[in-house]
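> Build me a model:
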Amino acid sequence: MDKIRTWQAFDGDALLNDVAAALDDVPPAEEDVEEIAQRLRVHLMRLVTIAIAAEAEQDATAAQLIEQARTLCAKGLPGNRWKAIGHLRRMGWAINELLERLVALRCLKEVA
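Numbering: from 1, shown residues only. The predicted structure follows:
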C-alpha cells in the first residue's frame with residue numbers, strides 16, 4: 001500500500017522542462033542546481049524502471065543507456081559550480097537519449 005501512495009505518474013512535461021533547464025544555453029542559478037539535479041535523478045530512475053519493466057535492456061543500446069543512467073545517478077553532485085552544471089548536462093542528455101530509445105522501442109509514447 002505504501003508503494004501506491006508514493007507512486008507518481010510519468011510526467012513527460014515535467015521531464016522535458018527539467019531537461020531543458022539542464023541543457024539551456026544559460027546555466028541554472030547556483031541555488032537551483034541541487035534541486036534540478038534531484039529532479040533529473042528521479043526522471044532517470046523512473047525511465048530505468050520503465051525500461052526494466054518493458055524488458056528494454058534486451059536491446060544493446062537501451063542496456064548501455066540504462067547503465068549510463070545508473071552510473072550518473074550514483075555520482076554525487078560535484079562541489080564546483082561548473083562541474084555540477086556539467087553533471088546536470090550529462091544527466092539531461094542521458095534522459096533525452098534514454099527517452100528517445102524507449103519511444104523507438106515502443107516502451108513509451110512520444111512526449112511532446
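
> number of nearby residues for residue 14?
The local packing of residue 14 (other C-beta atoms under 10 Å) involves 13 other residues. C-betas here are computed from N, CA, C, even on glycine.

> wait, I meant residue 26
Residues near residue 26, counting by other C-beta under 10 Å: 6.

> shouldn't residue 75 be in contact with residue 88?
No: Residue 75 is beyond contact range of residue 88, at 11.6 Å (criterion: C-beta atoms under 8 Å).

> Which one's more surrounded, these two?
Neighbours per residue (other C-beta under 10 Å) separate residue 75 from residue 88, with residue 88 holding more: 24 against 11.

> what comes up buried for the helix or strand hosting residue 36?
Residue 36 belongs to helix 33-53 when assigned by DSSP states H and E. Within helix 33-53, the residues that count as buried by 16 or more other C-beta atoms under 10 Å are 33, 36-37, 39-41, 43-44, 46-48, 50-51.

> And these, which is closest to residue 18?
Proximity of the buried residues of helix 33-53 to residue 18 (C-beta to C-beta) peaks at residue 39, which lies at 4.8 Å.

> Identify the residue spatially nearest to the closest one, adjacent ones excluded.
By the measure of C-beta to C-beta, 6 or more residues apart in numbering, the closest residue to residue 39 outside its immediate chain neighbours is residue 18, 4.8 Å from it.

> I'd say the one you found and residue 41 touch.
No: the criterion here is C-beta under 8 Å, and residue 18 misses it with residue 41 at 10.2 Å.

> which helices and strands does the longest helix seen in the chain pack with?
Ranked by number of residues, the top helix in the chain under DSSP state H is helix 81-104. Secondary-structure packing of helix 81-104 (3 or more C-beta pairs under 8 Å, 6 or more residues apart in numbering; DSSP states H and E): helix 12-23, helix 33-53, helix 60-74.

> quick one: contacts for residue 111?
12-13, 15-16, 99, 103 (C-beta atoms under 8 Å, 6 or more residues apart in numbering).

> scratch that, residue 53 is what I was asking about
No residues are in contact with residue 53 under the rule C-beta under 8 Å, 6+ apart.

> any idea how far residue 107 is from it?
8 Å (C-beta to C-beta, to the nearest Å).

> for residue 16, same thing?
17 Å.
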